[in-house]
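Asker: My questions are about this predicted structure, shown below with the sequence.
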Amino acid sequence: MMRGATILLCLIAGAAHAAKDPLLACPDFPAPKKARLQAVAPQLDYNGTPMSIHRIESDAPPQEILAFYRDKWAATDKIRGPAEYPLGPWQVIASLRDNCFFTVQVKPFGKNGTEGFLGVTAAAPERVVVKEQLPMLPGSTVLNDLAHNDAGKTARTVLLKNGFSQAANADFYRRNLGDLGWRVTNHYRLGLPDQKGDVMVLKNGLRELSITLTRDGRESNVLLNYVDQP
């Protein structure tokens, strides 16, 4: 009885973990023998979509790597075969399996070898996770919102643009983030010919936020980089 209860508890814990991270429900990403893999971004949140990226390196040529995935992802009665297409110097093969989208991107490396990236994207969770509210001036457009977990630290990078000046953006964030407990620890101006703008660094307990403000024609680009340090 105790053994059965232990197994049940393990299954419940595993299901809860998978629900928290949809990538855990994806099938294992197959890899050719003797291929060398390196984690690039094992846990990403790209605009609300869970992703994972690994680098692959092999002494085998790209066509051999592609043939491996053609075989692994061959069509069945229920699953379509993989899609293939060129992407600049890269060759891409991709497949949808169990609501997870797998992508292999490779190109020649060295004499006869291959280098590339393996990416998997999980289907969006049933319940949408609401991210922390991001202060921004009216009319701002969010271009990218990327969250990731690396070596125990969580980070979030947001890029947005608006029609306000750098000074107006800087004043807005200084005032609004100050009301939320953030304090400015550094504020300096980029003086290089190709990097004119402002950089603000703020802290709130163990959290740190850097804001880079640059001008692009009539619009300002605002790059916010949050880092938690548990």
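Answerer: Perfect, I can see it now.

Asker: C-alpha from now on. contacts and neighbour counts both.
Answerer: Fine.

Asker: Next, count neighbours for the closest residue to Gly113 other than its chain neighbours.
Answerer: Nearest non-adjacent residue to Gly113, counting by CA to CA, 6 or more residues apart in numbering: Asp59, 4.1 Å away. Using other CA atoms under 10 Å, Asp59 is surrounded by 17 other residues.

Asker: Kindly list the main-chain dihedrals of Asp59?
Answerer: When read as degrees, to the nearest 10, the backbone of Asp59 gives phi -80, psi -10.

Asker: Next one: it relative to Gly110, how far apart?
Answerer: Asp59 is 8 Å from Gly110, where distance means CA to CA, to the nearest Å.

Asker: check which helix or strand covers Glu64.
Answerer: Per DSSP states H and E, Glu64 falls inside helix 62-72.

Asker: List of residues touching that helix?
Answerer: Contact with helix 62-72 is made by Pro30, Pro32, Gly81, Pro82, Ile93, Val106, Lys107, Pro108, Gly113, Thr114, Glu115, as judged by CA atoms under 8 Å, 6 or more residues apart in numbering.

Asker: Bridged to the last one, which residues?
Answerer: What that stands for is Glu115. Per DSSP bridges, the residues bridged to Glu115 are Glu57, Lys107.

Asker: Could you report the pLDDT at it?
Answerer: At Glu115, the model reports a pLDDT of 94.

Asker: Give me the distance between it and Leu87.
Answerer: 14 Å.

Asker: Of these two, give the one with the bigger neighbour count.
Answerer: Glu115 (23 against 11).

Asker: so what's the more buried one up against?
Answerer: Contacts of Glu115 were listed using CA under 8 Å, 6+ apart, and they are Arg55, Ile56, Glu57, Ser58, Pro62, Val106, Lys107, Pro108, Phe109.

Asker: Please tell me I have it right and the first one contacts Phe117.
Answerer: Yes - assessed by CA atoms under 8 Å, Arg55 is found in contact with Phe117 at 4.4 Å.

Asker: Where do the domain boundaries of this structure fall?
Answerer: Split into domains by automatic domain parsing, the chain comes to 21-122, 141-227.

Asker: now the ones you listed as CSV including distance to Pro135?
Answerer: As requested, those are exported to CSV (distance: least, CA to CA, whole Å):
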stretch, distance to Pro135
domain 21-122, 17
domain 141-227, 7
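
Asker: among those, which gets the worst mean confidence?
Answerer: Among the domains of the chain, domain 141-227 carries the lowest mean pLDDT, a mean of 83.

Asker: for this structure, what spans make up the strands?
Answerer: According to DSSP state E, the chain carries its strands in the segments 36-46, 49-58, 83-87, 90-97, 100-109, 113-122, 141-150, 153-162, 183-192, 195-204, 207-216, 219-227.

Asker: okay if I get the ones you listed as CSV plus distance to Pro22?
Answerer: Formatted as CSV, the strands of the chain follow (distance: least, CA to CA, whole Å):
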stretch, distance to Pro22
strand 36-46, 10
strand 49-58, 7
strand 83-87, 23
strand 90-97, 14
strand 100-109, 9
strand 113-122, 6
strand 141-150, 14
strand 153-162, 17
strand 183-192, 35
strand 195-204, 30
strand 207-216, 26
strand 219-227, 23
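
Asker: before we move on, the earlier item: which one of the contacts of helix 62-72 is nearest Leu202?
Answerer: Nearest to Leu202 among these, counting by CA to CA, is Glu115 at 38.9 Å.
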